[in-house]
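# next input, structure requested:
(one chain, ligands or ions: 1)
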Amino acid sequence: MDGLNKFIYEIGSDSAFSILARSNELIKQGKEVINLGIGQPDFPTAPNIVESAVKALRDGNHGYSSSNGILELRETVAHDFFNRNNVKIDPNDILITPGGKAVIFYTLLIFGQPGVEIITPNPGFIAYKSMIDYMGAKAVALPHRMKNNFSFDAEELLSLINDNTRLIILNSPANPTGGVVPHLELEKLAKGLKKFPNVFILSDEIYSRILFDGHKHSSLLTFPEVKDRVIVLDGWSKTYSMTGWRLGYGIFPKSIFKYAEKLAINCHSCISIPTQVAGIEALKGSQDSVKKMIQEFQERRDFLVTELNKIKNVSCVSPGGAFYVFPKINKKNQKSKDISNFLLEKKFIATVPGSSFGPNGEGFLRISYASKLKNLKRFINLLNEYMNE
Ligand code: PLP
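Residues are numbered from 1 along each chain as shown. Sure thing, here's the model as predicted:
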């Protein structure tokens, strides 16, 4: 079709959503589908959080708020960030957004343009590459390898930087692998980046609270060498099981905050006040449900990793965070898309093919274990059956 922005043809999609749509169709046809495709905790939002939003609605908080978010929420986020990372954040550098995804969008609207290179994880969250392509910039793949527990190598990353590089995207713990970048690697990166003062970093820390085995999160903002060029993305979707509330935030360097805020004004205006009030309650209220959820995730991860490694031609490392495992699956050298498709259409299990996260994901499947243990047991039996067929 003529007359459209030529880059609109480049924009990708998120296969987890199309797989969800197909699963729902199969469910309508009466099939019992196990959905291990979507990255959404299978726990309800805690009642105290829901109640706070209901009260805000009843109290008549129905209007616009300031576009960057209500001050109490930004102060609460700054306080929470300090408690977790020991770094003081100016609440005026925080932009409250409709989910973490908007931070990716706005950051790429600020940095992306033809001629610019942006380094992005591969395999990595699909929205990064889609938006880089849409902006006409060049996505440069930063490999995250299984032998490296799906972390990256700081020296390799630094070797990818050239005069056209404007932004590096990092994500730890990661989607789709659950990989956690060790503190030492970030330290090496921060030191190395001193040589490249014009390169900014978008650090996607949306899974930073979902960590296992004593892993500690290191925010890139804790490194003084890069502090003034780090954008942190975080939010409530995963930690507080609030995916549908659409609430996230970006911490932007002062030098670019005003641009992010202008994008917010022109795009989403502000976040509904009851949702923002719920965000305050989530951070200030009891954290028991978060602890319980993480404990349950860890039990499921342990079960899956042990059982997957018992299956013929399947191998799986134990991820340090998030709620995904990313097993390598070799079924007669079939493409991961074909394997995932077969599993959905014939065994009624929804997974996401590794290749949809970039070429380095070929040969893998993403399994989201945001699903009850009984479903995971059934999945293991069906996968075992399939691998032996
Ligand atoms: N970043 C990563 C790595 C994700 O996996 C997701 C959601 O799947 C997001 C950001 C966006 O989260 P939200 O639902 O808050 O927009």
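# which residues of the protein fall in strands?
34-35, 94-97, 117-122, 138-143, 165-171, 200-204, 230-235, 248-251, 314-315, 324-325, 328-329, 349-350, 352-353, 365-368 (DSSP state E).
# residue in this structure nearest to the ligand?
As assessed by CB to the nearest ligand atom, the ligand sits closest to residue 99 within the chain, at 2.7 Å. Every C-beta, even on glycine, is put in place using the N, C-alpha and C of the backbone.
# surely that residue is in contact with residue 249?
No: contact criterion CB atoms under 8 Å: residue 99 and residue 249 do not qualify, at 9.8 Å.
# please say which of those two ends up with more neighbours.
Neighbours were counted for residue 99 and for residue 249 using other CB atoms under 10 Å; residue 249 has more, 26 against 23.
# quick one, which of the strands of the chain gets closest to residue 54.
Among the strands of the chain, the nearest to residue 54 by CB to CB is strand 94-97 (19.8 Å).
# quick one: strands adjacent to the closest one?
Counting by DSSP bridges, the strands paired with strand 94-97 are strand 248-251 (antiparallel).
# quick check, stretch 37-45 touching the ligand?
Yes: using CB under 6 Å from any ligand atom as the criterion, contacts between stretch 37-45 and the ligand involve residue 39.
# now do the end-to-end distance for that stretch.
This stretch, stretch 37-45, spans 20 Å end to end (CA to CA, to the nearest Å).
# can you give the contact residues for that stretch?
16-17, 19-20, 23, 175, 237-238, 240-243, 245, 278, 289, 293, 323-324, 350-352, 366, 368, 370-372 (CB atoms under 8 Å, 6 or more residues apart in numbering).
# ok so, going back, and residue 64, which of the strands of the chain is closest to it?
By CB to CB (comparing all of the strands of the chain), the closest turns out to be strand 94-97, at 12.7 Å.
# so what touches that closest one?
For strand 94-97, the surrounding residues in contact (CB under 8 Å, 6+ apart) are 68-70, 73-74, 77-78, 103, 106, 235, 247-252, 257, 260-261, 264, 268, 270-271, 276, 279.
# that strand vs the ligand: in contact?
No: applying CB under 6 Å from any ligand atom, one finds strand 94-97 out of contact with the ligand, separated by at least 8.1 Å.
# what about that strand, average pLDDT?
The average pLDDT for strand 94-97 rounds to 98.
# any idea how far that strand is from the chain center?
Between the centre of strand 94-97 and the centre of its host chain there is 17 Å, according to CA atoms, centre = their mean, to the nearest Å.
# restricting to C-alpha, output that strand in CSV.
Only the C-alpha atoms of strand 94-97 are listed here, as CSV (Å, rounded to 0.1, in the frame of the first residue of the first chain):
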residue,chain,number,x,y,z
ILE,A,94,10.7,9.5,37.0
LEU,A,95,8.1,9.2,34.3
ILE,A,96,5.1,7.0,35.2
THR,A,97,4.0,5.2,32.0
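# can you give me the buried ones in that strand?
By 16 or more other CB atoms under 10 Å, the buried positions in strand 94-97 come out as 94-97.
# re the thing from before, identify the contacts common to residue 99 and residue 249.
residue 235.
# hang on, the earlier thing: how about the strands of the chain in TSV, adding distance to residue 64?
Converted to TSV, the strands of the chain look like this (distance: least, CB to CB, whole Å):
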stretch	distance to residue 64
strand 34-35	36
strand 94-97	13
strand 117-122	33
strand 138-143	36
strand 165-171	31
strand 200-204	27
strand 230-235	20
strand 248-251	18
strand 314-315	51
strand 324-325	36
strand 328-329	49
strand 349-350	38
strand 352-353	37
strand 365-368	35
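# what's the closest of the ones you listed to residue 303?
strand 324-325 (10.1 Å).
# show me what the closest one is packed against.
Packing contacts for strand 324-325, counted by 3 or more CB pairs under 8 Å, 6 or more residues apart in numbering; DSSP states H and E, involve helix 288-308, strand 365-368.
# export these to CSV and tack on mean neighbour count?
Below are those laid out as CSV (neighbours: other CB atoms under 10 Å):
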stretch, mean neighbour count
helix 288-308, 17
strand 365-368, 27
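# now the ones you listed as a markdown table including distance to residue 202?
As requested, the helices and strands packed on strand 324-325 are exported to a markdown table (distance: least, CB to CB, whole Å):
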| stretch | distance to residue 202 |
| --- | --- |
| helix 288-308 | 25 |
| strand 365-368 | 21 |
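# on that earlier part again, also near the ligand: which of the contacts of strand 94-97, exactly?
By CB under 6 Å from any ligand atom, the members of those lying near the ligand are 235, 248.
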